[in-house]
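Novice: only geometry, no sequence info:
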């Protein structure tokens, strides 16, 4: 910890020469050379080099956005996204674009845009097809390519996983984003799948709080009671 404050970086990678002040960062970097990601997410097929990276990813599944910008109150699920966003405010104040290409001098407001641009110069293709040896510089290009293997256009825009039908894709996306669109009208609990909502609603069947004042029949939903009331008219 004291190395961070002193600015020293005594941990040197013998493979590429990069140095680190934090042992956690150094170990994560060493794993990157070996392609090892020992921390898998239990809710999707992604894996990470550090426990902290995994924990920040798991927030995406809960729908929480705990990192807030002090200048505009915009919120983010991950700390790196907030750091990148803050630089937009800095650039707006100075009129500068903080990320410049070392090859051609073109500058960008966001680091992600610079990374994508750099691939034009380096030829890097980080998005690899899991079915064949093809690789692509941009994620949308990989998604289009995957359809040639799966024969399906039902691809997740978050992780590029191909699903067998639109229903499965919708359910999968809810897991990725933390969205729970299926809400119980009786108790306001919500679920990612309609099947889970129906299973939950059965727990209310024994409870019939909506009673007819004329005949005493009970119903689980107010709409059902309203329809029944019409039979007395």
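Specialist: That came through fine. Bear in mind that the values here come from a model prediction, so they are computed numbers and not experimental data. Residues are numbered from 1 along each chain as shown.

Novice: What helix or strand is residue 56 located in?
Specialist: Assigned by DSSP states H and E, residue 56 belongs to helix 51-62.

Novice: Show me which residues of that helix are buried.
Specialist: For helix 51-62, the neighbour count (16 or more other C-beta atoms under 10 Å) marks 53, 54, 56, 57, 58, 59, 60, 61 as buried. All C-beta spots, glycine's among them, are computed from the backbone N, C-alpha and C.

Novice: packing partners for that helix?
Specialist: strand 39-40, strand 47-48, helix 166-177 (3 or more C-beta pairs under 8 Å, 6 or more residues apart in numbering; DSSP states H and E).

Novice: now that helix and helix 166-177, what's the angle there?
Specialist: With axes from the mean of the first three to the mean of the last three C-alpha atoms, to 10 degrees defining the directions, helix 51-62 sits at 130 degrees from helix 166-177.

Novice: State the next helix or strand along the chain beyond helix 51-62.
Specialist: Toward the C-terminus from helix 51-62 - assigned by DSSP H and E - lies strand 67-68.

Novice: what pLDDT, on average, does that following strand get?
Specialist: Strand 67-68 carries an average pLDDT of 85.

Novice: Tell me which strands whichever helix or strand comes after that strand pairs with, and in which orientation.
Specialist: Per DSSP H and E, the first helix or strand lying C-terminal to strand 67-68 is strand 75-76. Paired neighbours of strand 75-76 in the sheet (DSSP bridges): strand 67-68 (antiparallel).

Novice: hmm, who's touching the partner strand?
Specialist: Outside strand 67-68, the residues within contact range by C-beta atoms under 8 Å, 6 or more residues apart in numbering are 74, 75, 76, 77, 78, 79, 81, 82.

Novice: Please list only the buried members of those residues.
Specialist: Buried, going by 16+ other C-beta under 10 Å: 76, 77, 78, 81, 82, out of the contacts of strand 67-68.

Novice: now the second one: how far from residue 27?
Specialist: By that I understand residue 77. 25 Å (C-beta to C-beta, to the nearest Å).
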